[in-house]
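Novice: Sequence unavailable; structure follows:
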């Protein structure tokens, strides 16, 4: 019976210690009525192995009458023996549910994306809808183990697309863009936050500070939506003569850093903290440091790939692992030194493209394949964060507010493009392309509510509405207008 229960059920899960319940009985001196028959040393869990023979009240081995009285570190091993097979069975069921969730995410997300493209809608709309339907606020078919690491999975997808962007960007093209690229990093977001401060108190009845927090949540554009679209334009040579895709791509990649710093400052104010000048000084420092670190790492990787000849797949793995390390370092060093890791990832790709162009082209092709799966995971998981009840309860005022602040953003983009060589059509396209929102709103939209701020519910509601409106609408307008507004 012990072998049936403990070994057949537990050994299959590689639980080496528990698998020896019926065979090895060390620590004789701590248990009465049993004797050791095996050589293993369980200094950490001295009493686990005796359970099979020591616990007479265990329902599956009533023949053993000796009593078990050993407890260690507050863990009752008598209960452990009774529940261990059940816990492990439950764990196996959880693993099966996780695999089924991944299958549903990929298959249904891919199918819905394909259906949307068939009716000339952006594929990400189908993926967002898939996430909303499968997510915890609807059918709840996505396993909790996936939702718990949803932010990490979305970050990995973002790293993949930014790495691909860096490998496709030419440094000389970025230099040609010049001043507008720098302005696009913060001016449109400032205009949108200003619009939120002016409109939200009138439409939603919130305070100016709450409106400012709302503006920083909504004010960031989504690189996950914009970057793939701009890479497509670069591949098809639309607008590349004037550096339009490069301009939008660079601005969208840095915009998030600026907005998140403002969000941190305003939420701190709402909690009674003072605004530190250091927070605002950290913005250019983190961007500059991210560029320097990224270029240094990119140069070292280029030299390594030049000396050591390995498969392109291995190079992609090295690139990804280095990117993960950079992102981890940003979190670890947040209190010590500001560091924009996602910008560093792009800088690694740009440096590789400059130093080893042929390698960069091949790696970009590999990352393009990775993006096929990553895109589905990213937008389905973004959709899973959307609580549709909040969106339905928002009312017409929230919808008007989103369109109102988008007008302010477009005015900000227009100011960035003054005294440039772009014509009216090209400026119009830039204003359209700079409106999609998704990833940042999904990441920080619920933070004010978690912090206990009075504006938490309304901020989350507006964040949800902004994703549902701007992500599919922006992607659709980019696809619909780029051939009409840009020259090839």
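Specialist: That came through fine. Note that this is a predicted model, so its numbers are computed, not measured.
Novice: Would you state the helices of the stretch 51-200 of the chain in chain order?
Specialist: 51-54, 77-118, 123-134, 144-148, 150-168, 171-177, 179-183, 187-204 (DSSP state H, counting those that start in this stretch).
Novice: Tabulate these in TSV, adding columns for mean pLDDT, distance to residue 232 and mean neighbour count.
Specialist: The way it works is simple: take the backbone N, C-alpha and C, and place the C-beta from them, glycine included. As requested, the helices of the stretch 51-200 of the chain are arranged in TSV below (pLDDT from 0 to 100; distance: least, CB to CB, whole Å; neighbours: other CB atoms under 10 Å):
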stretch	mean pLDDT	distance to residue 232	mean neighbour count
helix 51-54	40	61	24
helix 77-118	74	13	16
helix 123-134	91	12	25
helix 144-148	90	29	14
helix 150-168	87	10	22
helix 171-177	73	16	14
helix 179-183	85	19	18
helix 187-204	92	22	22
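Novice: Which among the ones you listed is found nearest to residue 372?
Specialist: Shortest distance between residue 372 and the helices of the stretch 51-200 of the chain, using CB to CB, is found for helix 77-118: 8.7 Å.
Novice: Which residue, neighbours along the chain excluded, lies closest to residue 367?
Specialist: Leaving aside its chain neighbours, residue 367 sits nearest to residue 164 (4.0 Å; criterion: CB to CB, 6 or more residues apart in numbering).
Novice: isn't the one you found right next to residue 350, touching?
Specialist: No. The criterion here is CB atoms under 8 Å, and residue 164 misses it with residue 350 at 11.6 Å.
Novice: For the helices of the stretch 51-200 of the chain, give me JSON lines that also has distance to residue 284.
Specialist: Compiled in JSON lines, the helices of the stretch 51-200 of the chain are given as follows (distance: least, CB to CB, whole Å):
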{"stretch": "helix 51-54", "distance to residue 284": "61"}
{"stretch": "helix 77-118", "distance to residue 284": "38"}
{"stretch": "helix 123-134", "distance to residue 284": "32"}
{"stretch": "helix 144-148", "distance to residue 284": "35"}
{"stretch": "helix 150-168", "distance to residue 284": "20"}
{"stretch": "helix 171-177", "distance to residue 284": "17"}
{"stretch": "helix 179-183", "distance to residue 284": "10"}
{"stretch": "helix 187-204", "distance to residue 284": "15"}
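Novice: Residue 363 is nearest to which of these?
Specialist: helix 150-168 (5.6 Å).
Novice: So which elements touch that closest one?
Specialist: helix 223-236, helix 244-270, helix 312-332, helix 341-355, helix 357-384, helix 439-444 (3 or more CB pairs under 8 Å, 6 or more residues apart in numbering; DSSP states H and E).
Novice: Please convert these to a markdown table, extending it with mean neighbour count, distance to residue 413 and mean pLDDT.
Specialist: Listed next are these as a markdown table, based on neighbours: other CB atoms under 10 Å; distance: least, CB to CB, whole Å; pLDDT from 0 to 100:
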| stretch | mean neighbour count | distance to residue 413 | mean pLDDT |
| --- | --- | --- | --- |
| helix 223-236 | 22 | 12 | 89 |
| helix 244-270 | 23 | 9 | 85 |
| helix 312-332 | 16 | 28 | 92 |
| helix 341-355 | 25 | 20 | 89 |
| helix 357-384 | 20 | 24 | 90 |
| helix 439-444 | 25 | 18 | 82 |
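Novice: between these, which one is nearest to residue 408?
Specialist: Residue 408 lies closest, by CB to CB, to one member of the helices and strands packed on helix 150-168: helix 244-270, at 14.1 Å.
Novice: That closest one vs helix 187-204, what angle?
Specialist: 50 degrees (axes from the mean of the first three to the mean of the last three CA atoms, to 10 degrees).
Novice: Residue 377 against residue 110, yeah?
Specialist: No. Using CB under 8 Å, residue 377 and residue 110 do not qualify as a contacting pair, with a distance of 10.7 Å.
Novice: buried sites along stretch 455-466?
Specialist: 455, 456, 458, 459, 460, 461, 462, 463, 464, 465, 466 (16 or more other CB atoms under 10 Å).
Novice: Now do the second one against residue 206, distance only.
Specialist: Computed with CB to CB, to the nearest Å, the distance linking residue 456 and residue 206 is 11 Å.
Novice: now do the fifth one
Specialist: Using CB to CB, residue 460 is found at 13 Å from residue 206.
Novice: and if you look at the fourth one?
Specialist: As judged by CB to CB, residue 459 and residue 206 stand 9 Å apart.
Novice: likewise the third one?
Specialist: Plainly put, residue 458 is 6 Å away from residue 206 if you go by CB to CB.
Novice: Equivalent analysis for the first one, please.
Specialist: Going from residue 455 to residue 206 by CB to CB gives 6 Å.
Novice: Which residues are in contact with each of these two?
Specialist: residue 214 (CB atoms under 8 Å, 6 or more residues apart in numbering).
Novice: Over to residue 445: give its phi and psi.
Specialist: Main-chain dihedrals, residue 445, degrees, to the nearest 10: phi -60, psi -30.
Novice: pLDDT score for it?
Specialist: Here the pLDDT value assigned to residue 445 is 83.
Novice: What is the neighbour count of it?
Specialist: 26 (other CB atoms under 10 Å).
Novice: Report the secondary structure element holding the nearest residue to it once chain neighbours are set aside.
Specialist: Spatially, and ignoring its direct neighbours in sequence, residue 445 is nearest to residue 463 (3.1 Å; CB to CB, 6+ apart). Element membership for residue 463 (DSSP states H and E) is helix 456-485.
Novice: pLDDT on that helix, on average?
Specialist: 90.
Novice: could you say what helices and strands that helix packs with?
Specialist: Short answer (3+ CB pairs under 8 Å, 6+ apart): helix 456-485 packs on helix 123-134, helix 208-218, helix 223-236, helix 388-393, helix 395-416, helix 424-433, helix 439-444, helix 447-450.
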